[in-house]
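Q: need a 3D model of the sequence below.
(4 chains)
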There are 2 protein chains.
Amino acid sequence: MKLAPEYKSRLDHALEHNGLRSTKQREHVFSIVLEKRDHPTVDEIYARARTKMPTISLATVYNCLETLVESELIRQVNFEREPTRYCPNLIQHAHFHCKESGAIVDIELSDELVNQLKTALPEGFTVQHIDIAYNGKCDTCPH
Amino acid sequence: MKLAPEYKSRLDHALEHNGLRSTKQREHVFSIVLEKRDHPTVDEIYARARTKMPTISLATVYNCLETLVESELIRQVNFEREPTRYCPNLIQHAHFHCKESGAIVDIELSDELVNQLKTALPEGFTVQHIDIAYNGKCDTCPH
DNA sequence: AGAAAAATTTAGAACGATTCTAATTATTTC
DNA sequence: GAAATAATTAGAATCGTTCTAAATTTTTCT
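A: Numbering: from 1, shown residues only, chains lettered A, B, ... in the order given. Below you'll find the model as predicted:
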């Protein structure tokens, strides 16, 4: 999987900005997270990565994902104690997590709603990021 | 630590309702989660439990907490991949998590705000529970 | 009350996700 | 093109949690 030029340059700039090198592995892992936006786990990303790059190691997948998160190119998503998942959608959004099918869907949040959430905070709290997970069942899920 | 009669009867009823026995260990672990509402981890609960009941095992603390969660007497709270924490506040609320001091504060959410969150969901999603974590820094924190 | 059945506790082994370590390989700098 | 720097790799180590099997406790049934 080849990275579209716009993403390639985003990657290169973001890495350079952090004093990091652009490598084949980082590019490949980034492309996988961008390709299928189903919030894959490390194991899933590792499996997908190996189909095109069979020699990549699990440690490298962990390293690349960490680097991409630090460079603010992708985000981590956690549900309870399940394995961490990765998401290339950087705009503020929540996640719906279907307990039956395991499906994960991005939920857009209006600026207004986000602001209301922020005003629910008492004085003296400075918020950097709000994590919101809706847990339930999607009516259309295969189950 | 002795459980106040109202909590003792809540515990007994909830356990009985689930076909489970009320034991010294379950009562003691419940009392610890109620006593200091600082969202302790299993290790912290284990340490506190042993001061009054030195023979209790870590496995039992895990077991009791699981039982109490299933009986809907307490709730689990997770932040990213940190150890699970426990909270006796059963009403709908969010958590503020200070990245500097580690402090965790319950944030009340108005019914109106919760409803607005629910209406942010598209058709076809049935939500059971919404997890909300505010990450940031509390201005008053020791750091 | 006492025996049998059922549930709970316990210690330690096992597990799964993640991080660390140290050696190798690749890239950049001079 | 050599030296310095950074990234990759395989496997060991770690951490929180769950599992296992034996011992203990509680309940049920005469």
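Q: got the residues of chain A near DNA strand D?
A: Counting by Cβ under 7 Å from any atom of the strand, chain A comes close to DNA strand D at A:19-21, A:23-26, A:55-60, A:63-64, A:67, A:81. To be clear about C-beta, it is placed using only N, CA and C from the backbone, and glycine gets the same treatment.
Q: among these, which ones are in helices?
A: A:24-26, A:58-60, A:63-64, A:67 (DSSP state H).
Q: just how off-centre is stretch A:26-39 within its chain?
A: Remark: stretch A:26-39 is offset 9 Å from the chain centroid, using Cα atoms, centre = their mean, to the nearest Å.
Q: so which strand or helix has the residue lying farthest from the centre of chain A?
A: Going by Cα atoms, centre = their mean, the residue of chain A most distant from its centre is A:Glu123, 30.9 Å out. For A:Glu123, there is no host helix or strand (DSSP states H and E).
Q: tell me where the model's unsure across chain A.
A: Of all residues in chain A, those with pLDDT under 70 make up the ranges A:1, A:143.
Q: would you mind listing what in it touches chain B?
A: Applying Cβ under 8 Å from any Cβ of the partner chain, one finds that chain A approaches chain B through A:76, A:78, A:80-81, A:84, A:94, A:96, A:99, A:105, A:107-110, A:113, A:116-117, A:120-122, A:124-140.
Q: may I see the PyMOL selection of the buried members of these?
A: Buried subset of the residues of chain A next to chain B, written as a PyMOL selection, criterion 16 or more other Cβ atoms under 10 Å in any protein chain shown:
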select buried, chain A and resi 78+84+94+96+105+107+109+113+116+117+120+121+125+130+131+132+133+134+135+136+137+138
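Q: how far away is the residue nearest the centre of chain A from B:Lys2?
A: Central residue check for chain A by Cα atoms, centre = their mean: the C-alpha nearest the mean position is that of A:Cys87, 1.9 Å away. Distance of A:Cys87 to B:Lys2, given as Cβ to Cβ, to the nearest Å: 47 Å.
Q: could you do A:Tyr7 as well?
A: Remark: distance between A:Tyr7 and B:Lys2 (Cβ to Cβ) = 61 Å.
Q: the more surrounded of those two?
A: A:Tyr7 (16 against 10; other Cβ atoms under 10 Å in any protein chain shown).
Q: which elements pack onto the helix or strand harbouring that one?
A: Element membership for A:Tyr7, per DSSP H and E: helix A:5-17. With contacts taken as 3 or more Cβ pairs under 8 Å, 6 or more residues apart in numbering or on different chains; DSSP states H and E, helix A:5-17 sits against helix A:24-35.
Q: okay, buried residues for the helix or strand following the helix it packs on please.
A: Sequence-wise, the next helix or strand downstream of helix A:24-35 (DSSP H and E) is helix A:42-52. Neighbour-count burial for helix A:42-52, counted by 16+ other Cβ under 10 Å, picks out A:44-46, A:48-49.
Q: nearest to DNA strand D among those residues?
A: Comparing these against DNA strand D with Cβ to the nearest atom of the strand places A:Ala49 closest, at 8.8 Å.
Q: contacting residues around the closest one?
A: Going by Cβ atoms under 8 Å, 6 or more residues apart in numbering or on different chains, A:Ala49 touches A:28-29, A:32, A:56, A:61.
Q: could you rerun that using 10 Å?
A: In this structure, A:Ala49 makes contact with A:1, A:25, A:28-29, A:31-32, A:56-58, A:60-61, A:64, judged by Cβ atoms under 10 Å, 6 or more residues apart in numbering or on different chains.
Q: apart from its neighbours in sequence, what residue is nearest it?
A: Nearest residue to A:Ala49, sequence neighbours excluded (Cβ to Cβ, 6 or more residues apart in numbering or on different chains): A:Ile56, at 5.1 Å.
Q: the one you found and A:His28 touch, don't they?
A: Yes. Using Cβ atoms under 10 Å, A:Ile56 is in contact with A:His28, at 7.1 Å.
Q: shared neighbours, those two?
A: Counting by Cβ under 10 Å, 6+ apart, the residues touching both A:Ile56 and A:His28 are A:45, A:49, A:64.
Q: who are the contact partners of the first one?
A: By Cβ under 10 Å, 6+ apart, the residues touching A:Ile45 are A:28-29, A:32-33, A:36, A:56, A:58, A:61-62, A:64-65, A:85-86.
Q: run the last query once more with 7 Å
A: Contacts for A:Ile45 (Cβ atoms under 7 Å, 6 or more residues apart in numbering or on different chains) come out as A:29, A:32-33, A:61, A:86.
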